[in-house]
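Engineer: missing the sequence, but the structure's below:
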């Protein structure tokens, strides 16, 4: 049986979570509810939960104030938030589970199932460290993206990424050092996550790091870009003019 606690300062949100958790009563048991950073710290030390449902904004601070005070967390977290866009960006970069309020039952069920299937406290600790690092960092290139794969998670900075290629609902990630891996999220997800001034969708199946473009070759039989690694990646007809305009604007032609 998984032991859980709820950290939330709105009673109606606690009631909603309790209601949704009835579907998992055979797997999850809630053993505490807290509404502040101070009380939550005490509760976590006393109960030692496996899973925490945590609101972003609390009565006496926010979830980041709380997490900075916990060393080597041995629990998984599903965050809940209403409008904290900065937090959502951080969650996406770190592949952290989160739910938007008002909480949808189908999204809740899916998030909990994924969380239970992939409980790995060591990886959770690394992802939380990555999330906090990204919040503190003001440089896009210094932020770290956590890529979930089938078995674990891969941690990389945007500058290490050469290109991404669609593989159905997944995508393969090619690194500057020549290594690659399969991420279990779509290329569209990363297109929305990565800086559009650096990463460009040149084709339905290809998202590239423009920092590593050497040439843009336009041909009747099919245009393509040549990357600094020597790779040639096709450019769709629809994306060609937009890419040309972008490269010209940034003096890359």
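Structural biologist: On my side now, so go ahead. The structure displayed is predicted, hence computed values, not measured ones. Numbering: from 1, shown residues only.
Engineer: okay, and for the stretch 1-150 of the chain, where does confidence drop off?
Structural biologist: For the stretch 1-150 of the chain, the stretches flagged by pLDDT under 70 are 86, 120-122, 136, 138-141.
Engineer: hey, where'd the strands end up in it?
Structural biologist: All strands of the stretch 1-150 of the chain, identified by DSSP state E, counting those that start in this stretch, fall at 2-7, 28-34, 51-55, 57-58, 61-62, 76-81, 97-100, 145-148.
Engineer: Partner strands of the second one and their direction?
Structural biologist: Looking back up the chat, that one is strand 28-34. strand 2-7 (parallel) (DSSP bridges).
Engineer: buried set for the top helix by length along the chain?
Structural biologist: Longest helix of the chain, by residue count under DSSP state H: helix 121-136. Buried residues in helix 121-136, counted by 16 or more other C-beta atoms under 10 Å: 123, 124, 125, 126, 127, 128, 129, 130, 131, 134, 135. Bear in mind the C-beta positions are built from the backbone N, C-alpha and C, glycine included.
Engineer: Against residue 68, how distant is residue 76?
Structural biologist: Computed as C-beta to C-beta, to the nearest Å, the residue 76 to residue 68 distance reads 18 Å.
Engineer: that older thread, now mean neighbour count and distance to residue 226 too, for the strands of the stretch 1-150 of the chain, in JSON lines please.
Structural biologist: What follows is those, written out as JSON lines (neighbours: other C-beta atoms under 10 Å; distance: least, C-beta to C-beta, whole Å):
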{"stretch": "strand 2-7", "mean neighbour count": "22", "distance to residue 226": "51"}
{"stretch": "strand 28-34", "mean neighbour count": "18", "distance to residue 226": "52"}
{"stretch": "strand 51-55", "mean neighbour count": "25", "distance to residue 226": "47"}
{"stretch": "strand 57-58", "mean neighbour count": "18", "distance to residue 226": "48"}
{"stretch": "strand 61-62", "mean neighbour count": "16", "distance to residue 226": "46"}
{"stretch": "strand 76-81", "mean neighbour count": "22", "distance to residue 226": "42"}
{"stretch": "strand 97-100", "mean neighbour count": "18", "distance to residue 226": "39"}
{"stretch": "strand 145-148", "mean neighbour count": "20", "distance to residue 226": "25"}
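Engineer: nearest to residue 245, of those strands?
Structural biologist: Among those, strand 145-148 comes nearest to residue 245, with 27.0 Å by C-beta to C-beta.
Engineer: who does that closest one touch, helix- and strand-wise?
Structural biologist: Other elements packing on strand 145-148 under the criterion 3 or more C-beta pairs under 8 Å, 6 or more residues apart in numbering; DSSP states H and E are helix 121-136, strand 153-156, strand 180-183.
Engineer: Direction included, what does it pair up with?
Structural biologist: strand 153-156 (antiparallel).
Engineer: orientation of the longest helix of the chain relative to strand 76-81 in degrees?
Structural biologist: Using axes from the mean of the first three to the mean of the last three C-alpha atoms, to 10 degrees, one finds that helix 121-136 and strand 76-81 are set 30 degrees apart in direction.
Engineer: Many thanks, we can stop here.
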